[in-house]
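Asker: predicted structure and sequence below. I'll ask about it afterward.
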Amino acid sequence: MDRIPPPATARLTPERRLAGLILIALALRIVFATSLGLGMDEAYTVATSRDVVLSAFDHPPLSWWLATLGHRLFGESDLALRLPFILLSALTNVLVFLLGRRLYGAEAGFWASFALCCAPVLGVIDASWILPDAPLLPALLGGALALAHVFFDTDSSRAPLWWLLAAVCSGLAMLSKYHGVFLPAGAFLFMILSPRHRFWLKTPWPWLAGLLALAMFSPVLIWNAQHDWASFVFQGGRTGDPRLNLKAPFILIGMQSLFLMPWILFPCAFLLFRALRRGPAPEKDFLLACLAVGPILMFSLPAFWSASRVLPHWAAPGYLLLLPLLGREIAELFERGIGWIRGAVAGAGGLIAVLIVLLAGLAHLRLPALSGARYPLLETLDWTDFSREFVARDLAREGEFIGAYRWFEAGKIDAVLGGRFPVLALSDDPRGFGATRDPQEFLGRDAVIVGRYLTLEQAYQVYEDHFDSIEPLPPIAITANGATAFELKLFKGRNFHDPAPEFTLGIQPPRP
């Protein structure tokens with residue numbers, strides 16, 4: 001192979017390069033966040049976060065609490081709502097650098113942070129949008145860093161403090177997403193399988209850490225106990241009924257490649273396999289493998305029997321914990337002067353920057369230029385036209401609350417109205433709306449029923465038992481850059497009564 005001299009960036013310390021990388025990444029994430037409206041999940045989170053509760057229907061509550069913080073401190077603009085999550089992404093970059101530096105050196109830490117920025121799901125989507133993964137990722141990395149100090153520091157006098165930090169990070173991870181349980185599980189797996197570190201199980205520290213993490217997770221347990229364990233029932237049903245499907249794993253791998261990029265996914269998968277095959281002897285590699293293997297296997301193997309229910313981003317937190325291994329490999333290639341590595345990292349970084357700029361430009365594309373094609377970013381449109389028409393047509397005279405046909409439609413509407421008018425999800429799957437908005441409070445009132453694909457016939461079929469009468473209203477056009485993207489169908493429901501039980505708390509399995 002051709003050898004090259006060390007890159008010019010070697011004259012800068014990894015810490016200074018990291019600072020520059022974070023500034024560039026933050027700028028690109030802000031461009032991404034300001035170019036696209038709130039996605040369906042984001043708008044739904046914003047809407048249901050207006051009611052501060054112990055936990056949420058879909059996930060643990062930390063991202064809901066952060067959304068509440070966003071709109072109370074910064075305002076209702078998309079960037080303001082996303083700002084706490086964007087700021088957390090900088091912390092994620094710092095923590096993956098610190099973890100890589102602690103295990104393999106500063107160069108490995110820098111390239112691990114660089115790889116994070118080049119993975120679309122980890123470095124762009126989870127770093128810019130209102131999603132549970134935004135607080136999950138730094139919590140996982142902080143916990144892994146604390147465990148690295150526990151297991152590999154020569155001075156053990158600070159081990160109790162590191163155990164405490166690991167416990168706090170585990171608690172924060174579990175408050176972010178149920179994936180967080182893999183952090184303490186991976187730590188216990190490492191201690192059981194690593195002979196040199198098995199003695200920790202005879203000390204009180206890992207057990208106290210586990211109890212502290214569980215105490216931090218207690219709001220989720222209390223909320224679920226009060227709501228018939230609805231969140232666990234919902235999440236437990238997401239893989240669907242077992243049914244062998246040999247094509248699904250290959251489809252899933254292909255989708256994971258798009259979310260992580262092949263040059264990150266496949267090297268990380270190889271490094272995980274190698275670390276597990278070698279066993280505990282390379283202790284640092286094995287620790288990362290134990291922390292990563294749970295989410296990767298748990299959210300990949302079910303594809304064999306659950307084709308449409310396993311989403312490709314579910315395994316991404318596992319691959320996050322393998323990035324220090326990838327960073328070490330990249331640093332070693334630079335150190336050995338391998339010719340192609342400089343072009344490879346430049347290409348990976350340039351590609352992700354170009355994709356962000358292209359998406360930002362695509363968001364401003366007029367529909368006529370597409371010759372009638374479907375607007376490519378349809379689900380990221382803010383329904384500001386609804387808010388504008390709601391005021392212009394004085395729709396508050398037609399009804400005292402809005403009843404949306406689907407939970408994500410309720411989220412979109414509530415987000416653009418800024419919580420200024422009651423919105424319910426009158427659906428057999430209301431998600432968090434069913435846990436925070438009580439339909440009983442609206443008995444005897446008229447409603448404006450809204451549905452993107454709701455026909456008059458369907459409105460009668462679904463709602464005739466719950467209203468005295470249902471009348472069509474003029475639809476509202478939702479536009480993209482001045483052209484109509486689709487129409488929201490509107491109906492007036494008179495005298496709301498007999499709300500269906502499923503309107504109150506939706507515990508139905510999610511639709512494919």
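Answerer: Structure received.

Asker: list the backbone torsions phi and psi for Lys492.
Answerer: phi -100, psi 120 (degrees, to the nearest 10).

Asker: so what pairs up with it in the strands?
Answerer: Val448, Glu471 (DSSP bridges).

Asker: what about it, how many neighbours?
Answerer: Residues near Lys492, counting by other Cβ atoms under 10 Å, number 17. Quick note: C-beta positions are derived from backbone N, CA and C, even for glycine.

Asker: pLDDT of the helix or strand containing Leu66, averaged?
Answerer: Assigned by DSSP states H and E, Leu66 falls within helix 62-73. If you average the pLDDT over helix 62-73, you get 91.

Asker: any idea how far that helix is from the chain center?
Answerer: Chain-centre distance of helix 62-73: 15 Å, with Cα atoms, centre = their mean, to the nearest Å.

Asker: kindly report the same for stretch 31-38.
Answerer: Taking Cα atoms, centre = their mean, one finds the center of stretch 31-38 at 16 Å from the center of the full chain.

Asker: which residues touch the helix holding Leu66?
Answerer: 45-46, 48-50, 52-53, 56, 80-85, 88, 130-132, 134-135, 172, 175-176 (Cβ atoms under 8 Å, 6 or more residues apart in numbering).

Asker: try stretch 146-160
Answerer: In contact with stretch 146-160 (Cβ under 8 Å, 6+ apart) are residues 99, 102-103, 162-163, 165-166, 169, 187, 190, 194, 197, 200, 205, 283-284, 287, 291.

Asker: compute the first-to-last residue distance for that stretch.
Answerer: The first residue of stretch 146-160 is 10 Å away from its last residue (Cα to Cα, to the nearest Å).

Asker: list the buried ones in it?
Answerer: Ala146, Leu147, Ala148, His149, Val150, Phe151, Ala159 (16 or more other Cβ atoms under 10 Å).

Asker: repeat for stretch 31-48
Answerer: Going by 16+ other Cβ under 10 Å, stretch 31-48 has these buried residues: 31-33, 35-39, 41-48.

Asker: identify the farthest-apart pair in the buried residues of stretch 146-160.
Answerer: Ala148 and Ala159 (11.8 Å; Cβ to Cβ).

Asker: still on that earlier bit, buried stuff in the helix holding Leu66?
Answerer: Those buried within helix 62-73 under the rule 16+ other Cβ under 10 Å are Leu62, Ser63, Trp64, Trp65, Leu66, Ala67, Thr68, Gly70, His71.

Asker: save those as TSV, and put in distance to Leu443 too.
Answerer: Putting the buried residues of helix 62-73 into TSV (distance: Cβ to Cβ, whole Å) gives the following:
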residue	distance to Leu443
Leu62	34
Ser63	32
Trp64	28
Trp65	31
Leu66	34
Ala67	30
Thr68	28
Gly70	33
His71	29
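
Asker: from the residues you listed, pick the one nearest Ile338.
Answerer: For the buried residues of helix 62-73, the nearest to Ile338 is Ser63 (40.5 Å; Cβ to Cβ).

Asker: could you check how far the closest one is from Leu381?
Answerer: Distance from Ser63 to Leu381, counting by Cβ to Cβ, to the nearest Å: 22 Å.

Asker: ok, now Leu62?
Answerer: Leu62 is 27 Å from Leu381, by Cβ to Cβ.

Asker: okay, now the domains of this structure?
Answerer: Segmentation of the chain into domains, based on the TED database, reads 14-359, 378-503.

Asker: what does the helix or strand containing Ser257 rub up against?
Answerer: Per DSSP H and E: Ser257 is located in helix 248-260. With contacts defined as Cβ under 8 Å, 6+ apart, helix 248-260 is touched by 119-122, 265-266, 268, 300, 303-304, 306-307, 310, 312-313, 315-316, 319.

Asker: quick one, which of the residues you listed are buried?
Answerer: Here, 16+ other Cβ under 10 Å leaves 119-122, 265, 268, 300, 303-304, 306-307, 310, 312-313, 315-316, 319 buried among those.

Asker: one step back: following element in sequence after the helix holding Ser257, please.
Answerer: Counting by DSSP H and E, what follows helix 248-260 is helix 262-278.

Asker: run through who's touching that next one.
Answerer: Under the contact criterion Cβ under 8 Å, 6+ apart, helix 262-278 has outside partners 115, 118-119, 253, 256-257, 260, 282, 285-286, 288-289, 292-293, 296, 319, 322-323, 325-326, 329, 344, 348.

Asker: just the ones of those in helices?
Answerer: Under the assignment DSSP state H, those contribute 115, 118, 253, 256-257, 260, 285-286, 288-289, 292-293, 296, 319, 323, 325-326, 329, 344, 348 to helices.

Asker: write the ChimeraX selection for whichever of those are buried.
Answerer: Remark: buried members of the ones in helices among the contacts of helix 262-278, expressed as a ChimeraX selection using 16+ other Cβ under 10 Å:
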select :115,118,253,256,260,285,286,288,289,292,293,296,319,323,325,326,329,348
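
Asker: tell me where the model's unsure across the stretch 1-150 of the chain.
Answerer: 1-11 (pLDDT under 70).

Asker: chain center to stretch 349-357, what's the gap?
Answerer: 21 Å.

Asker: quick check: buried residues in it?
Answerer: Gly349, Ile352, Ala353, Ile356.
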